[in-house]
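Asker: give me coordinates for this.
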Amino acid sequence: NARRCQMHTAEELFDLTQTEHTELFKDTVHPWDALQRLESYVKKYEGKGKNQAQIKGSSFIAADVHIGQGTVVEHGAMIKGPAVIGKNCEIRHGAYIRDNVIIGDNCIVGHSCEIKSSILFNNVQVPHFNYVGDSILGFKAHLGAGVKISNFRLMPGNVVVTDSDGVRQDTGFTKFGALLGDHTEVGCNAVLNPGSILGRGSVVYPNVCWRGSLPPNTIAKNASVVQLIAKQPR
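Answerer: Down below sits the predicted model:
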């Protein structure tokens, strides 16, 4: 089914001028199709990686990793590759960047953050204790501390995307995390379940366990009530 789900086109989610890798999105029916092209796209850097990073201390950086000027890689980071990292990024202590990753310019990958098989547009911040797998994060997307993007179903089967009209579509992927549109914010310790899509400018509050499609400029928050109870003297 080649029908484009509502809100599920690359142009609606992402400003494609904010990545040097627009080729990944050319003629895609759905934006997650870019993830299917990712492995073959980054393979052209195998053995040809140009590392222009400022390395502070000791880090592991594979030969097939390309890093742009002005990017700082701190002590203890591991970048396995193949990977392409843009200019003026911060790859902080303890960051783990696995196979088939593209990171744009001016991005932050922080301490104890793991990224695999994902595309980060320019100015994305993944700063503290985050997991990002098989996902696309748009321009200026930001994850709060402890946010996890789950990319694998507990039950067997492909990941299914549900649009804002409730129409379900099989992505064909057994591993697929989330699409975060430009300027999205995800609060601390939130979880994005496989196949989540966040429209441009949307916000997921802390501790929310989100599944499905969030329309642009919309806030998702828990409705739980915090109780106030008088403290009893001991």
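Asker: when you work out contacts or count neighbours from here on, use the C-alpha atoms and nothing else.
Answerer: OK.
Asker: what pLDDT does the most centrally placed residue in the chain get?
Answerer: Geometric centre of the chain, nearest residue: residue 137, 4.1 Å, by Cα atoms, centre = their mean. What the model reports for residue 137 is a pLDDT of 98.
Asker: beta partners for it?
Answerer: residue 120, residue 180 (DSSP bridges).
Asker: and the longest helix along the chain, C-alpha only, in CSV?
Answerer: Of all the segments of type helix in the chain, defined by DSSP state H, the longest one is helix 33-42. Provided in CSV are the C-alpha atoms of helix 33-42 (Å, rounded to 0.1, in the frame of the first residue of the first chain):
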residue,chain,number,x,y,z
ASP,A,33,12.2,4.3,3.9
ALA,A,34,15.4,6.4,4.4
LEU,A,35,16.4,4.0,7.1
GLN,A,36,16.3,1.1,4.7
ARG,A,37,18.9,3.0,2.5
LEU,A,38,21.1,3.9,5.4
GLU,A,39,23.5,1.0,5.5
SER,A,40,24.3,1.1,1.8
TYR,A,41,24.6,4.9,1.9
VAL,A,42,27.2,5.0,4.7
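Asker: in that helix, what counts as buried?
Answerer: Within helix 33-42, the residues scored as buried using 16 or more other Cα atoms under 10 Å are 33, 34, 35, 38, 39, 41, 42.
Asker: and the residue nearest to residue 53 when sequence neighbours are not counted, how close does it get to residue 90?
Answerer: Leaving aside its chain neighbours, residue 53 sits nearest to residue 71 (5.0 Å; criterion: Cα to Cα, 6 or more residues apart in numbering). As defined by Cα to Cα, to the nearest Å, residue 71 lies at a distance of 6 Å from residue 90.
Asker: list the contacts of the nearest residue to residue 100 once chain neighbours are set aside.
Answerer: Distances taken as Cα to Cα, 6+ apart place residue 117 nearest to residue 100, at 4.7 Å, with adjacent residues excluded. Residue 117 sits next to 35, 38, 39, 98, 99, 100, 101, 133, 134, 135 when contact means Cα atoms under 8 Å, 6 or more residues apart in numbering.
Asker: among these, name the least confidently predicted one.
Answerer: Sorting the contacts of residue 117 by pLDDT puts residue 99 at the bottom of the list (92).
Asker: that one: what secondary structure?
Answerer: With DSSP: H, G, I helix; E, B strand; the rest coil as the basis, residue 99 sits in coil.
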